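Asks: Take a look and give me a structure for this.
(4 chains)
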2 protein chains.
Amino acid sequence: MKELILSQVYQHPLISADDLRRIIDAHHPRSFKKGEVIYKRDKVLNEYLVLESGLIRSYTHNYNGDEITTDFFGQYEVVIEVLSLFQRTPLQEDLQALTDGCGWTIPYDIFQELFHTIPGFSEWGRLWMTNKLFQFKQKSIDIITQSAKERYLDILTNKPQIIRHAPLKQIASFLGITDTSLSRIRKDIG
Amino acid sequence: MKELILSQVYQHPLISADDLRRIIDAHHPRSFKKGEVIYKRDKVLNEYLVLESGLIRSYTHNYNGDEITTDFFGQYEVVIEVLSLFQRTPLQEDLQALTDGCGWTIPYDIFQELFHTIPGFSEWGRLWMTNKLFQFKQKSIDIITQSAKERYLDILTNKPQIIRHAPLKQIASFLGITDTSLSRIRKDIG
DNA sequence: GGTCGCTCTTGCCTTATGGCAAGTAATTGG
DNA sequence: CCAATTACTTGCCATAAGGCAAGAGCGACC
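Replies: Next up, the predicted model:
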């Protein structure tokens, strides 16, 4: 399973079979239970996690203490908060499991070494960052151009596992609306 | 001026004086006039631009053809669309000058070479991406947690040069509201 | 098996922002 | 310097989403 998942995730034309072997070997297993906070706010992140199974969300709090879910992570996704890992600053969010699950972690210092010795790996990393950057840029455009209902339908078709496992309140805050409004949207859709 | 600007932008503990020299030498001058579209949609970006003076915005269009301003760039900022540059795909936005100005460009292939031969440079690049990623993530949080007025006041204090040079309509679409609403917000502030 | 707590729904009313249209002010180009 | 275009403002009304509170459903735990 380890090889299967990780060779999928680290697929890149410039990463050779040998490189991939080194990368895969650097990963350690990690499993978690529903509700567990995998990485805690205010600590500096020292690894990241590639998800094999389960669902994870990241969340922060607004000025009056309400939780805001900022992201969801599913199978094959990289669970990370780049600001903390790469700038060595405390996490600004909690990362919490929504279901039981497991995955593979890689420590920061090993990652660094591979990043600087395997050209294909730094390319891969940059590409990953590029996609993540685009994703958030797109999200901020979607929030201002689409209605809450349209954004909900988007998730419903593209990320159905989120709808299945995350409570309404978390989905609502991710969409940028209240749980009340999301409930009405669901009613409206039927 | 070239040294001053670029050594400021590429400041990083792992970039030596020699490295910095190589990086600076790779940059070419570029100036532009108000209103000029510096990088055009549908073309693949082959360089990026470090701004010495002037103001630039990026914009795209929503489904019914209205312009949406997605970002503003000022002095010392890197004018780029990462998705196009690093994935070699066509630009999805236009990059347009709001004022006369000038800066320094570096071609993609030279950038690539430096990125893979100067460890401090790839660190710098990753750090830059990290910050940009955070910025967009923060923007999407701000849109859902703050009122339009608060977001406007934010720009007013943190990026006053935008308010001074960009027309109301562009600022409004950047904030995610209509020009009508922004006009009322301005009236309200007094 | 009952009580507690959490999740979700719903009704009533409020508020922020939008849509349209008319009108004024400012800029641009010949 | 004038005409044309674009930028901005304002009034009137519409709409999406929020605030609050009551209540229903459901699971968790002793």
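Asks: what bridges to residue A:31?
Replies: residue A:102 (DSSP bridges).
Asks: Around the closest residue to residue A:183 other than its chain neighbours, count how many other residues there are.
Replies: Computed as CB to CB, 6 or more residues apart in numbering or on different chains, the closest residue to residue A:183 that is not its neighbour in sequence is residue A:168, at 6.5 Å. C-betas here are computed from N, CA, C, even on glycine. When neighbours are defined as other CB atoms under 10 Å in any protein chain shown, residue A:168 has 13 of them.
Asks: Quick one: name the residues of chain A near DNA strand C.
Replies: A:167-169, A:179-180, A:182-184, A:186-187 (CB under 7 Å from any atom of the strand).
Asks: Of these, which is the nearest to residue A:16?
Replies: Nearest to residue A:16 among the residues of chain A next to DNA strand C, counting by CB to CB, is residue A:167 at 43.9 Å.
Asks: what number of residues lie near the closest one?
Replies: Based on other CB under 10 Å, the number of other residues close to residue A:167 is 10.
Asks: how close does it get to chain B?
Replies: 18 Å (CB to the nearest CB, to the nearest Å).
Asks: Show me where chain A has its helices.
Replies: A:2-9, A:17-25, A:82-87, A:108-117, A:119-145, A:148-158, A:160-165, A:168-175, A:179-189 (DSSP state H).
Asks: any chance of the ones you listed in CSV, plus mean pLDDT and distance to residue B:141?
Replies: Shown next, in CSV, are these (pLDDT from 0 to 100; distance: least, CB to CB, whole Å):
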stretch, mean pLDDT, distance to residue B:141
helix A:2-9, 96, 27
helix A:17-25, 97, 32
helix A:82-87, 96, 13
helix A:108-117, 96, 25
helix A:119-145, 95, 9
helix A:148-158, 95, 15
helix A:160-165, 93, 18
helix A:168-175, 96, 10
helix A:179-189, 94, 18
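Asks: With residue B:64 as the reference, name the closest of those.
Replies: helix A:119-145 (9.4 Å).
Asks: do the closest one and DNA strand D meet at all?
Replies: No. Using CB under 7 Å from any atom of the strand, helix A:119-145 never reaches DNA strand D; the gap is at least 9.3 Å.
Asks: list the helices and strands that helix packs on?
Replies: Contacts defined by 3 or more CB pairs under 8 Å, 6 or more residues apart in numbering or on different chains; DSSP states H and E place helix A:119-145 against helix A:17-25, helix A:108-117, helix A:148-158, strand B:67-73, helix B:82-87, helix B:108-117, helix B:119-145.
Asks: swap the cut-off to 6 Å and go again
Replies: Using 3 or more CB pairs under 6 Å, 6 or more residues apart in numbering or on different chains; DSSP states H and E, the elements in contact with helix A:119-145 are helix A:108-117, helix B:82-87, helix B:119-145.
Asks: what's the angle from it to helix B:108-117?
Replies: Between helix A:119-145 and helix B:108-117, the angle comes out at 120 degrees (axes from the mean of the first three to the mean of the last three CA atoms, to 10 degrees).
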